[in-house]
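Visitor: Dropping the sequence and predicted coords here.
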Amino acid sequence: MALQHIVKKFSVLIFIVFLLSACTRIGSTEMGLGLLPSIDAFNTKDTVLEVITETVDRPDTLRIFSQDDQVVGNISNDPVFGSTTASMYFQLKPSFFPYSTRGNLDSVVVDSAVLILAYRGAYGDTSAPLTLNLRRVSAATPLFNDSLVASNYPELYNFQTDAILANPYVVDFGRVRDSVINRFEAARNQIRIKLNSSFANLFLKVFDSNVYKNDTTFHKAFPGFVLTANAGSNVLIRINLLDTNTKLGLYYSTNATTTVAGKRDTVVDYFRFGLNYSASANFIKRNRTGSEVARHFGRANDSLVYVQTSPGTMVKIKVPALKNFANKIIHRAELIAEQVPDANSALDVMFPAPNYLFLGAYDSAKNLIRTVPNDFQSTANTSQFIRFGGYRINKSIQGFNNVATYNFDISRYMQGVISRKDSIFDLRIFAPVNDTVKFVPPYPNNFTAGKDYLTASFVNQPAIGRVRLGGGSHSKFRMRLRVYYSNL
């Protein structure tokens, strides 16, 4: 019996050793077996394919829609990505035409005019104030006509300004979210810029029924507002034009709202942004001269690569080993991109990484970016869109906390390449804002093509976000393609 007991224990030990040795066929996974598709752990292996990376500039085709958050401010001290200047051009109009004040124009007594803007947040250094300047769009500006223009530069469209409408306004970030409670409203998250008295008088006393007759006559008399920021700040702020907090308040007293003889009352009329009848333009200008990223453009197989939210930069990626990878069953092929933390950790806190990065395939024949074959199944398919990856995940790795990481599932693409000999594409990573990409449905329906839209509502806000990623040759934060597979 003793011998049988020893043999039994030895057999159990041999089984455990076999089990452990079989499990080593999968290396230390970066996602865990529980997150892999249903697979046989004993026969599944993993490997890492090297990638070649390069930072390239991205042509600015960004369109910022009226319903998006607009950006205004300056980033003057980002040694990694350079400077950014953002300005806003927009119109606020009466809710009806012909507009008139309450009461006879001659009896109206002007109180004030206040430009009120909906504050949606800041990106950058909020420890110091931001100074805003408000001017009027010049009547000489030819293209400011209820239309959408690119975010490039105002000079491209000959945008001009003339009169100064208000004294410089200092945004106090410690108080900008405070509540504003008065007899006319109870609100918070407002920027309130008081116009010079001459312009309050212009809107309430000088502009008459001929100016306020219709949209065209008012537009001609007052083409719109221009909001800029003083140089030297290091922050961008977001403002939403369609938020009910955004309006021009005209405050005046009149005897038309009371039945008591000789009694006057102060009232307010609001001009607002109309989605279908007000124009806007948000200009964002990047200057990377002297910055770290400028020294890395065009470096093939670079250890550092740079992604800046549109209008920004992107990364070119090649995976040479795909060409000769033997036919296997691909359980998961995952492109992994990790942030390289800055030596000055305050910079990464001040300028966080983009919320979302997009991985596309570059179609060299048509010189455009298309969706990754078979894996990207349109933004309309929410669950598959999330499965494909690209949203930022903060991890603690390599001794650093809150490292931005981005994973992309390209398993079906790789399976098609090695099994059906599908075309191999160079890849592109960028941080989209209102981008249009060529969408090709998955095999076997890949004979048609359409468009897919990456809108700011679920990816990134304009100009918000930048990240330095490890390239394919980085020693610690290497970009790589991790593949889990089984032999046929």
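Guide: Cool, got the structure.

Visitor: Residue 114: which element?
Guide: Here residue 114, judged by DSSP states H and E, is contained in strand 109-124.

Visitor: how about that strand: buried residues?
Guide: Neighbour-count burial for strand 109-124, counted by 16 or more other Cβ atoms under 10 Å, picks out 110-120, 122-124. Just so you know, the C-beta spots here come from the backbone N, C-alpha and C atoms, and that holds for glycine as well.

Visitor: Repeat that for stretch 327-335.
Guide: Buried positions in stretch 327-335, judged by neighbour count with 16+ other Cβ under 10 Å: 328, 329, 330, 331, 332, 333, 334, 335.

Visitor: Average pLDDT for the helix or strand hosting residue 332, rounded please.
Guide: Taking DSSP H and E as the criterion, the element that holds residue 332 is strand 328-338. For strand 328-338, mean pLDDT rounds to 97.

Visitor: related to what we said a few turns ago, taking the buried residues of stretch 327-335, tell me the two that lie furthest apart.
Guide: The distance between the two most remote of the buried residues of stretch 327-335 (Cβ to Cβ) is 19.0 Å, for 329 and 335.

Visitor: Please pull out the lowest mean pLDDT helix or strand from the chain.
Guide: helix 2-23 (a mean of 39; mean pLDDT, DSSP states H and E).

Visitor: List the buried residues in the very next helix or strand once past that one.
Guide: Sequence order places strand 44-50 as the next helix or strand after helix 2-23, per DSSP H and E. Along strand 44-50, these residues count as buried under the neighbour rule (16+ other Cβ under 10 Å): 44, 46, 49.

Visitor: try stretch 313-324
Guide: Buried positions in stretch 313-324, judged by neighbour count with 16+ other Cβ under 10 Å: 313, 314, 315, 316, 317, 318, 319, 322.

Visitor: want to try a markdown table for those, with pLDDT as columns?
Guide: Below are the buried residues of stretch 313-324 laid out as a markdown table (pLDDT from 0 to 100):
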| residue | pLDDT |
| --- | --- |
| 313 | 95 |
| 314 | 97 |
| 315 | 98 |
| 316 | 97 |
| 317 | 98 |
| 318 | 97 |
| 319 | 98 |
| 322 | 96 |
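
Visitor: Next, give me the two most distant ones among the residues you listed.
Guide: Pairwise over these, using Cβ to Cβ, the maximum falls at 313 and 322, 24.7 Å.

Visitor: How is the protein partitioned into domains?
Guide: With domains defined by automatic domain parsing, the chain comprises 25-59+290-487, 83-287.

Visitor: Which parts of the stretch 101-250 of the chain are helices?
Guide: Remark: helices assigned in the stretch 101-250 of the chain by DSSP state H, counting those that start in this stretch are 197-201, 215-221.

Visitor: what's the least confident stretch among those helices?
Guide: helix 215-221 (a mean of 92).

Visitor: Show me what counts as buried in it.
Guide: Of all the residues in helix 215-221, those buried under the rule 16+ other Cβ under 10 Å are 215, 218, 219, 221.

Visitor: got it, and stretch 237-250?
Guide: Within stretch 237-250, the residues that qualify as buried are 237-243, 245-250, counting by 16+ other Cβ under 10 Å.

Visitor: Just to check, residue 67 is in contact with residue 243?
Guide: No. The criterion here is Cβ atoms under 8 Å, and residue 67 misses it with residue 243 at 10.0 Å.

Visitor: Spell out which residues are contacts of both of the two.
Guide: Here residue 67 and residue 243 share no contacting residue, scored by Cβ atoms under 8 Å, 6 or more residues apart in numbering.

Visitor: rewinding a little: need the helices of the stretch 101-250 of the chain in CSV (columns: distance to residue 339).
Guide: Conversion of the helices of the stretch 101-250 of the chain to CSV gives the following (distance: least, Cβ to Cβ, whole Å):
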stretch, distance to residue 339
helix 197-201, 47
helix 215-221, 46
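
Visitor: So which of the ones you listed is nearest residue 136?
Guide: Residue 136 lies closest to helix 197-201 among the helices of the stretch 101-250 of the chain, at 8.2 Å (Cβ to Cβ).

Visitor: Mind giving me the packing neighbours of the closest one?
Guide: On a contact count with 3 or more Cβ pairs under 8 Å, 6 or more residues apart in numbering; DSSP states H and E, helix 197-201 meets strand 109-124.

Visitor: Using PDB, list the CA coordinates for the strand it packs on.
Guide: Only the C-alpha atoms of strand 109-124 are listed here, as PDB (Å, rounded to 0.1, in the frame of the first residue of the first chain):
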ATOM      1  CA  VAL A 109     -32.200 104.300 -21.100                       C
ATOM      2  CA  VAL A 110     -29.100 102.100 -21.700                       C
ATOM      3  CA  ASP A 111     -27.700 100.200 -18.800                       C
ATOM      4  CA  SER A 112     -25.100  97.900 -20.200                       C
ATOM      5  CA  ALA A 113     -24.300  95.200 -22.800                       C
ATOM      6  CA  VAL A 114     -22.600  92.000 -21.600                       C
ATOM      7  CA  LEU A 115     -21.200  89.100 -23.700                       C
ATOM      8  CA  ILE A 116     -21.900  85.900 -21.700                       C
ATOM      9  CA  LEU A 117     -20.000  82.700 -22.800                       C
ATOM     10  CA  ALA A 118     -20.600  79.100 -21.700                       C
ATOM     11  CA  TYR A 119     -17.400  77.900 -20.100                       C
ATOM     12  CA  ARG A 120     -16.800  74.200 -20.700                       C
ATOM     13  CA  GLY A 121     -13.300  73.600 -19.200                       C
ATOM     14  CA  ALA A 122      -9.600  74.300 -19.800                       C
ATOM     15  CA  TYR A 123      -6.600  72.500 -21.200                       C
ATOM     16  CA  GLY A 124      -3.200  73.600 -19.900                       C
END
